[in-house]
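> next input, structure requested:
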Amino acid sequence: DEKISGKCAVKFTVNPDGSLSDITVLDGIKACPECDAEAIRVIQSMPKWKPGKIAGKPVSLYYNLPIKFSLPKK
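Predicted coordinates for the structure are as follows:
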C-alpha cells in the first residue's frame, strides 16, 4: 500500500545438520521495518540447507543473503 521497495541483507548460520540459526538483518529497509521482519520470516521457513564441509566433515558457516522487495509490474 505504501509503495516501498528496496533490498535487505540477511546473515544467518548454516549448522552442521543443515538447520539455520542466528538470523540477523545486516542492512534493512529503513522506511519498512515490516520488510525486515518478513525477510527473517522467509529465512526461518526455509528447509534445511546442505552444510559446509571441511575435510569431509560438516561444519557451521555464515551466509549472507540479499532479499529484494519490489512492487509488482502492472
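
> which positions in whichever strand or helix holds residue 43 come out as buried?
Secondary structure from DSSP states H and E places residue 43 in helix 33-44. Across helix 33-44, burial judged by 16 or more other Cβ atoms under 10 Å covers 35-36, 39-40, 43. In short, each C-beta sits where N, CA and C put it, glycine included.

> measure the residue nearest to the spatial centre of the chain to residue 35 for me?
Nearest to the geometric centre of the chain sits residue 10, at 4.2 Å (Cα atoms, centre = their mean). As judged by Cβ to Cβ, to the nearest Å, residue 10 and residue 35 stand 11 Å apart.

> from the buried residues of helix 33-44, which is closest to residue 69?
residue 35 (5.2 Å; Cβ to Cβ).

> hang on, isn't residue 60 packed against residue 13?
Yes: between residue 60 and residue 13 there is a contact under Cβ atoms under 8 Å: 5.6 Å.

> any common contacting residues for the two?
By Cβ atoms under 8 Å, 6 or more residues apart in numbering, residue 60 and residue 13 have no common neighbours.

> which stretches of this protein aren't confidently modelled?
The chain contains residues with pLDDT under 70 at 1-2, 74.
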